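Q: build the 3D model from these lines:
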Amino acid sequence: MLTIYSYGVESLGIENNVNGTLTMSPPLNTRSESMQCVVGGAHAFILRVSSFFGLAPLRFEPRETGYTVSISSAMCIYSFILVTVLLILTVVGLIAEINVGLELSVRMTSRMSQIVSACDVLVVVLSASIGVYGAPARMRKMLKYMNKVALVS
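A: Residues are numbered from 1 along each chain as shown. A predicted model of the protein is given here:
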């Protein structure tokens, strides 16, 4: 008997008949139904931690074999708000540090250190924004990949 645990595979319409042969019906056209897969163990733990920090906007539903993972609109909004607030506070802090002046500044004691620190902080801000704002698209790709892996298994 063939057992497939990925919801995305089930949405393709793969079924195991009574006589043991596989049949395939037309795939479902809804985008949300094919954007789910079942994960467990370390992969589920890493995705949960990433979701908490806003890097993986996913919804987790417990199942017998692990968790069904799908993209969550609420977690996307949480991620966007979290990273936007952190980016604004980082840029405000950088501007405040530059405006204090060279004499009172702890980190930026010269004009060159101001430029280097500003570039350093802005690279981190750019990386964080690309990571979080692009996360929903990357999660869709990951879920499609996990569904393909489930087909092979």
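
Q: now do the helices in the protein.
A: 7-11, 41-52, 73-100, 111-133, 135-152 (DSSP state H).

Q: which of the ones you listed sits most buried?
A: helix 7-11 (a mean of 20; mean count of other Cβ atoms under 10 Å). Yep, even glycine has a C-beta here, placed from its N, CA and C like the rest.

Q: and the helices of the chain, which one is worst for confidence?
A: Note on these: lowest mean pLDDT is at helix 7-11, with a mean of 41.

Q: please parse the protein into its domains.
A: 7-74+136-152, 75-133 (automatic domain parsing).

Q: start and end of the last one, how far apart?
A: Okay, so that is domain 75-133. Terminal residues of domain 75-133 are spaced 12 Å apart (Cα to Cα, to the nearest Å).

Q: please renumber the chain so that the first residue is 35 from this point on.
A: Got it, first residue is 35 now, which makes that one domain 109-167.

Q: still on that earlier bit, got TSV for the helices of the chain, with distance to P96 too?
A: Converted to TSV, the helices of the chain look like this (distance: least, Cβ to Cβ, whole Å):
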stretch	distance to P96
helix 41-45	14
helix 75-86	10
helix 107-134	17
helix 145-167	26
helix 169-186	17
